[in-house]
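Participant: predicted structure and sequence below. I'll ask about it afterward.
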Amino acid sequence: MSDPMWGRNTNGGTERVDVLAVGDPVAERTLDALGAEQFDVTVEPRHDEALERLEREGFDCVLSGTNLGGTALADVFAGVRERTETTPFVVVTDGAWAEIEPIEDEVSEIIVRGGMPAGRETACITNRLRQAVRASRRLEACERALDQRTNRLDEFATVVSHDLRNPLNVARSTVELLDGDQEQLDRLDRSLRRMNAIIENGITFARQRDTVDGTAPADLETFATDLWADRETEHATLTTDAGGPIVADPDRLRELLGQLLDNAIEHGDPPVTVTVGTFEDGFYVADTGPGVPDRAHERAFEPGVSTAQGTGLGLAIVREIARAHGWTVSLADSESDGTRIEVTGVEFY
């Protein structure tokens, strides 16, 4: 059975693969044999010219030896990765491990001539090249599929945002105009507010990215104070004990802090005191509420988990933003028996 990721050309043969050979990785007779096995091999003895050609033309695979005229193999590999992150990089060697060791875990394949059976060099190199290219194409196909799913998810989030938020706003406005049982109207208003919060947090969670766009110095005390001013805090008080600024994506840090402040206000017993502070390896948000039950500690950051009438997405959003920065978020008990969320691995400016 043929591999579905190993294409076929129009005349029924195996799809040809363009290989860029850097230096002199294989003998002339092997190059001829590779041609007969559907490999188009372009040889560039000079690594700088090879890199220029790779950037200009693109290839399915880069094949390199370890004898590169005084140029380090690691430098050639770095040059290839500057131009392409996915093209397989295959090394053929007679045992120059000192050259290979710095990049041993990063290259796609390492072919050792001494480990090949006599007369089987062409077959071994052919098979290893095909394996490397097939793996690369599978990875590219998976990435394309992931991009498509991400785009569909974003489109769905946009539809939810527009098609549900507008009727909710109408319903909330109508509640304000109604006369009747005030207790029931207040209950309905709380339900509508909760639905709106679920939509908002659901969209925010769906659109979280794995990396940050850029970082800058960010003052936690200033951010926390500004965010606090936008919240209903009649029965809550904010205190700060923050040191110097941290290095973060300002927009995503604002989202993270906002979620933590909302969580503290929502779960705390009025009057609740919320503290934003720093310590040696990061920062924290603590409250004077009842704390998180021990049974819920391990699952506190999972989507949908809430110990109150929240959306169950706030701490999940916090975790994703922390991961994007390379930080770690964890749950601890505060000094006042409430909840303390700690973010570690933070760089201070």
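Facilitator: Cool, the structure landed. Numbering: from 1, shown residues only.
Participant: can you name the next helix or strand after the helix or strand where G277 lies?
Facilitator: Using DSSP states H and E, G277 sits within strand 272-279. Per DSSP H and E, the first helix or strand lying C-terminal to strand 272-279 is strand 282-287.
Participant: that next one pairs with which strands, and in what direction?
Facilitator: strand 272-279 (antiparallel), strand 339-344 (antiparallel) (DSSP bridges).
Participant: among these, which comes closest to L192?
Facilitator: Nearest to L192, of all those, is strand 272-279, at 24.1 Å by Cβ to Cβ. C-betas here are computed from N, CA, C, even on glycine.
Participant: so which bits of the closest one are buried?
Facilitator: 272-278 (16 or more other Cβ atoms under 10 Å).
Participant: now that strand: mean pLDDT?
Facilitator: Mean per-residue pLDDT for strand 272-279: 92.
Participant: ok, now stretch 39-58?
Facilitator: Stretch 39-58 comes out with an average pLDDT of 89.
Participant: any idea how far it is from the chain center?
Facilitator: How far stretch 39-58 lies from its chain's middle: 32 Å, per Cα atoms, centre = their mean, to the nearest Å.
Participant: list of residues touching it?
Facilitator: For stretch 39-58, contacts defined as Cβ atoms under 8 Å, 6 or more residues apart in numbering pick out 16-24, 31, 34-35, 59, 62-63, 68-69, 71, 75-76, 79-80, 83-84, 87, 126, 129.
Participant: what do you get for stretch 210-218?
Facilitator: 245-250, 252-253, 323-325, 349.
Participant: could you redo the last one with a cut-off of 10 Å?
Facilitator: Applying Cβ atoms under 10 Å, 6 or more residues apart in numbering, the set of residues contacting stretch 210-218 from outside is 244-254, 257, 320-321, 323-326, 347-349.
Participant: what secondary structure does the residue lying closest to G65 once chain neighbours are set aside sit in?
Facilitator: Of all residues not flanking G65 in the chain, P25 sits nearest, at 3.6 Å (Cβ to Cβ, 6 or more residues apart in numbering). At P25 the chain is in coil, as set by DSSP: H, G, I helix; E, B strand; the rest coil.
Participant: and L331, that one's in a helix?
Facilitator: No - under three-state DSSP, L331 falls outside any helix and is assigned strand.
Participant: report the secondary structure state of the residue lying closest to it once chain neighbours are set aside.
Facilitator: Closest residue to L331 apart from its sequence neighbours, by Cβ to Cβ, 6+ apart: A300 at 5.2 Å. Using three-state DSSP, the structure places A300 in coil.
Participant: and A300, how many neighbours?
Facilitator: A300 has 21 neighbours, counted by other Cβ atoms under 10 Å.
Participant: quick revisit: pull the strand holding G277 out as CSV, backbone CA atoms only.
Facilitator: What follows is strand 272-279 as a C-alpha-only set of coordinates in CSV (Å, rounded to 0.1, in the frame of the first residue of the first chain):
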residue,chain,number,x,y,z
VAL,A,272,-13.2,41.0,50.7
THR,A,273,-9.7,42.3,50.5
VAL,A,274,-7.7,41.6,47.3
THR,A,275,-4.0,41.9,47.3
VAL,A,276,-1.7,42.1,44.2
GLY,A,277,2.0,41.7,45.0
THR,A,278,5.3,40.4,43.9
PHE,A,279,7.9,38.0,45.3
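Participant: among the contacts of stretch 39-58, which are in helices?
Facilitator: When DSSP state H defines the helices, the subset of the contacts of stretch 39-58 inside them is 31, 34-35, 75-76, 79-80, 83, 126, 129.
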